[in-house]
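Enquirer: sequence and predicted structure are below.
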Amino acid sequence: MHRRYANSVCDMASPTTSIVIRALNEAEHLDALFDSIERQTQQPDEVVLVDSGSTDRTVAIAESRGAQIVHIPPGDFTFGRALNWGCEAAKGDVLIFVSAHVYALDDTWLVELVGPFSDGLVGLSYGGQTGDHRSNFAEIQLLKRWFPDDGGTTDQKNPFCNNANCAVRRSLWESTPYDESLSGLEDMAFARNIRADGHRIAYVPSARIAHVHEEVARQTFNRYRREAIAYRNIFGAQKMSMSSATGLALASITSDVRAALRARRFGAIPSAASFRVAQFAGAWAGHRDDPSESKQIVRRMYYPRG
């Protein structure tokens with residue numbers, strides 16, 4: 001029997017909510033995500049999963065948990081297009097985006113993330129992120145920097161956000177859909193556009209999720225490469241020399257080593273260093289690539305031949 005997500009919103013003045021998940025072969029992680037959704041004190045009105053060609057049990061698991069499935073052919077996939085298809089299928093006043101490899105850490109996550117929309121000027125909110133026992137030590141340090149425990153605001157002055165744990169007003173998505181040409185950072189492009197139109201961005205540290213990347217170095221390289229390409233498309237030409245990339249990598253490794261020594265996580269140091277090398281090598285490569293090739297690069301990175 002499928003589980004159904006009950007509508008706990010009785011007051012018509014309260015927004016209805018839809019959770020939209022992008023997924024490709026995420027069977028290993030989906031149960032943790034759905035379990036955390038079912039524990040929420042306020043339930044979403046629906047869950048939509050956009051599948052881009054999974055060959056494992058991703059679709060079967062999502063269907064068994066009551067989610068609506070939207071299929072996007074691998075040849076049509078971009079990050080922005082997958083979101084747009086999911087948003088089109090969803091009906092909520094507030095659209096909540098989560099990665100398939102995350103799970104909420106508290107049962108008030110959804111309430112906290114949607115809360116800022118009581119302010120009519122807030123068009124987007126995003127929550128805190130951390131890793132778990134499977135995460136690379138360096139990435140946990142990175143998430144601490146990007147998503148601090150303090151510093152919550154309903155009027156952030158820059159377009160930083162992250163669609164692994166984010167919510168937007170449906171009305172804004174309808175007028176400003178996600179850019180389907182980008183190789184990543186479609187969330188920041190959207191945030192930049194709505195800020196230019198006078199809408200606010202809220203950061204909610206308490207709406208916290210665990211974001212689990214279990215990547216080899218090549219996957220980390222590819223992730224930061226495509227995001228660097230997208231950054232250039234959004235914000236204009238950027239430069240990163242080999243020497244500056246090397247300097248940034250060494251500075252980050254030094255910081256990670258100090259943090260690992262303080263935490264007595266000595267065994268985490270080699271993998272943390274490998275992560276940083278892949279991160280900045282990917283960023284350097286992305287800043288050198290032709291941005292017009294971004295769509296082909298996404299396909300090459302994420303889908304096998306044929």
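Expert: On my side now, so go ahead.
Enquirer: so where's the chain shaky on pLDDT?
Expert: 1-13, 237-238, 289-306 (pLDDT under 70).
Enquirer: just the strands in it please.
Expert: 17-23, 46-51, 68-71, 94-99, 102-104, 122-130, 165-169, 200-211 (DSSP state E).
Enquirer: how about the ones you listed in a markdown table, adding mean neighbour count and distance to Y178?
Expert: All C-beta spots, glycine's among them, are computed from the backbone N, C-alpha and C. As requested, these are arranged in a markdown table below (neighbours: other C-beta atoms under 10 Å; distance: least, C-beta to C-beta, whole Å):
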| stretch | mean neighbour count | distance to Y178 |
| --- | --- | --- |
| strand 17-23 | 27 | 11 |
| strand 46-51 | 24 | 12 |
| strand 68-71 | 16 | 14 |
| strand 94-99 | 24 | 10 |
| strand 102-104 | 22 | 19 |
| strand 122-130 | 24 | 12 |
| strand 165-169 | 26 | 10 |
| strand 200-211 | 22 | 16 |
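Enquirer: those into CSV, with extra columns for distance to R225?
Expert: Shown next, in CSV, are those (distance: least, C-beta to C-beta, whole Å):
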stretch, distance to R225
strand 17-23, 19
strand 46-51, 23
strand 68-71, 27
strand 94-99, 19
strand 102-104, 22
strand 122-130, 21
strand 165-169, 22
strand 200-211, 19
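Enquirer: for those strands, which one sits closest to G152?
Expert: Nearest of the strands of the chain to G152, taken as C-beta to C-beta: strand 200-211 at 5.0 Å.
Enquirer: the closest one: how far from the chain's middle?
Expert: Offset of strand 200-211 from its chain centre (C-alpha atoms, centre = their mean, to the nearest Å): 11 Å.
Enquirer: what of stretch 272-283?
Expert: The answer for stretch 272-283 is 19 Å, by C-alpha atoms, centre = their mean.
Enquirer: what comes up buried for that stretch?
Expert: Neighbour-count burial for stretch 272-283, counted by 16 or more other C-beta atoms under 10 Å, picks out 272-283.
Enquirer: and what of stretch 172-185?
Expert: 172-173, 176-185.
Enquirer: give me the distance from it to the chain's centre.
Expert: Mean-position distance between stretch 172-185 and its chain equals 14 Å (C-alpha atoms, centre = their mean).
Enquirer: straight-line length of it, end to end?
Expert: One end of stretch 172-185 to the other measures 18 Å (C-alpha to C-alpha, to the nearest Å).
Enquirer: which residues outside that stretch are in contact with it?
Expert: For stretch 172-185, contacts defined as C-beta atoms under 8 Å, 6 or more residues apart in numbering pick out 78-81, 83-84, 87, 95, 123-124, 186, 189-190, 193-194, 197, 199, 223, 226-227, 229-231, 233-234, 294-295, 297-298.
Enquirer: can you tell me which of the residues you listed are buried?
Expert: 78-81, 83-84, 87, 95, 123-124, 186, 189-190, 193-194, 199, 223, 226-227, 229-231, 233-234, 294, 297-298.
Enquirer: all the helices of the stretch 101-250 of the chain, residue numbers only.
Expert: 109-114, 137-146, 170-175, 186-196, 217-235, 242-262 (DSSP state H, counting those that start in this stretch).
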